[in-house]
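Peer 1: one predicted model, sequence on top.
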Amino acid sequence: MSRAIRRAMVLAAGRGTRLRPLSDERPKPLFPLGPLTILHYPLLMLRQAGVREVMMNLHHMGGQIRERFGAGGDLGLSIHFSEEQPELLGTGGGIKRARDFLEGGPFVVVNGDTISDVDLPSAIEEHERSGAAATMVLAEAPADGKEYGLVAVDEDMRVRDIAGRAGWRGRPARLGHFCGIHVIEPRIFDLMPVTDIFCINADVYPRLLAAGETIRACFLARSFSDVGTPARYLATAEALLDGRLQPDYAGGPGWLRSAGAVERSPGIWISAGARIDPAAVLQAPLYVGENAAVEAGARVGPYALLGSASRAAAGSAIAHTILWEGAVAPEGAVLERTILTSSRRVAVDPAVNLE
């Protein structure tokens with residue numbers, strides 16, 4: 001009989017260094033994507049899979065995350081927090097610190113800065129059938145495989161190597177990209193380093209393999225995006241807008257409708273209280289948040305997300321751009337491949353492909 005997994009760890013303590021200066025304003029997991037934040041996605045995914053209690057590690061501007069999500073009641077979750085101060089503990093160290101919370105049975109670990117189109121319940125079922133110590137959820141690796149350390153998988157769907165760290169000399173049947181989701185048995189705690197700061201993929205999984213434990217590969221990530229740079233942040237927003245990334249747990253193709261927006265015409269989503277001047281020009285795909293304003297002569301879209309209470313002033317032109325809550329595009333401004341907050345404007349380098 002399948003064991004219900006009720007507990008999970010969300011890794012949300014990173015500094016977001018590559019996203020500066022945006023991450024000087026708020027932690028990366030709180031970056032907005034339409035009506036939700038990045039962090040909503042892993043939490044909604046866990047809830048759909050039956051998880052009800054979550055431990056979340058915090059470091060950079062962790063108080064903002066506490067304030068935004070509180071005890072988790074709005075999402076039907078019970079959220080607990082593990083502060084990592086003064087130093088970050090790494091992915092493995094963060095999990096080790098939460099041992100008392102996690103070790104009563106199998107648990108899920110997810111990255112708090114990654115949005116994945118994954119059937120997590122099926123991944124959990126595959127893990128339990130396998131008897132593995134851990135299961136890594138993977139996406140198929142592209143031909144070049146340059147951006148991420150590749151996971152080598154044999155014909156029995158066992159992980160044999162991760163970014164070359166295990167020294168396996170065999171020929172992989174498949175290569176995958178890890179999408180930031182693990183299903184883990186508590187016996188791995190006994191093979192963790194005695195130190196406090198370490199990485200689960202680099203420092204724990206090679207120990208498991210050396211000890212003869214099985215790590216299962218599960219190719220159930222249809223797509224994913226780790227929002228590590230401004231270009232990936234914008235690419236993720238665009239993929240959500242045009243449907244290339246449409247996880248079922250967040251509402252699938254109608255995710256904006258599920259968040260309360262109305263599709264005024266195909267691909268143009270308008271939220272409650274938004275004010276659109278009749279002389280404005282809107283081009284899909286586009287999202288206009290609650291109480292946002294688009295003034296006369298403004299041209300908004302394609303690929304624009306306007307946060308709540310933001311404003312596209314008269315004559316402005318906004319495309320391939322994200323406006324954070326309360327941000328104002330000045331009169332006559334031309335914004336293309338830009339992230340605009342209430343206090344800064346960040347140009348985005350050329351687009352990246354969504355993995």
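Peer 2: Here it is on my side, so go on.

Peer 1: contacts, neighbours, all on C-alpha from now
Peer 2: Fine.

Peer 1: the residue nearest the centre of the chain and residue 61: what is the separation?
Peer 2: In the chain, the centroid-proximal residue (Cα atoms, centre = their mean) is residue 114; its distance is 2.2 Å. Applying Cα to Cα, to the nearest Å, the value for residue 114 to residue 61 is 18 Å.

Peer 1: and stretch 276-288, C-alpha only, in PDB?
Peer 2: Extracted as PDB, the C-alpha positions of stretch 276-288 are listed here (Å, rounded to 0.1, in the frame of the first residue of the first chain):
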ATOM      1  CA  ILE A 276      -8.000  50.300 -19.400                       C
ATOM      2  CA  ASP A 277      -8.400  53.500 -21.400                       C
ATOM      3  CA  PRO A 278     -10.400  52.900 -24.600                       C
ATOM      4  CA  ALA A 279      -7.600  54.600 -26.500                       C
ATOM      5  CA  ALA A 280      -5.000  52.100 -25.200                       C
ATOM      6  CA  VAL A 281      -3.700  49.300 -27.500                       C
ATOM      7  CA  LEU A 282      -3.400  45.900 -26.000                       C
ATOM      8  CA  GLN A 283      -1.600  43.000 -27.700                       C
ATOM      9  CA  ALA A 284      -1.600  39.300 -26.600                       C
ATOM     10  CA  PRO A 285      -0.300  37.600 -24.600                       C
ATOM     11  CA  LEU A 286      -0.800  40.100 -21.800                       C
ATOM     12  CA  TYR A 287      -1.700  40.200 -18.100                       C
ATOM     13  CA  VAL A 288      -2.900  43.300 -16.300                       C
END
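
Peer 1: in this structure, which helix or strand is least confident?
Peer 2: Every helix and strand in the chain was compared by mean pLDDT, DSSP states H and E; the lowest is helix 255-258, with a mean of 79.

Peer 1: list the buried ones in that one?
Peer 2: Buried positions in helix 255-258, judged by neighbour count with 16 or more other Cα atoms under 10 Å: 255, 256.

Peer 1: buried ones in the helix or strand that comes right after it?
Peer 2: Next along the chain after helix 255-258, taking DSSP states H and E as the criterion, comes strand 262-265. Using 16+ other Cα under 10 Å as the test for burial, strand 262-265 gives 262, 263.

Peer 1: contacting residues around the helix or strand just after strand 262-265?
Peer 2: Next helix or strand after strand 262-265 toward the C-terminus (DSSP H and E): strand 268-270. For strand 268-270, contacts defined as Cα atoms under 8 Å, 6 or more residues apart in numbering pick out 256, 261-264, 282-290.
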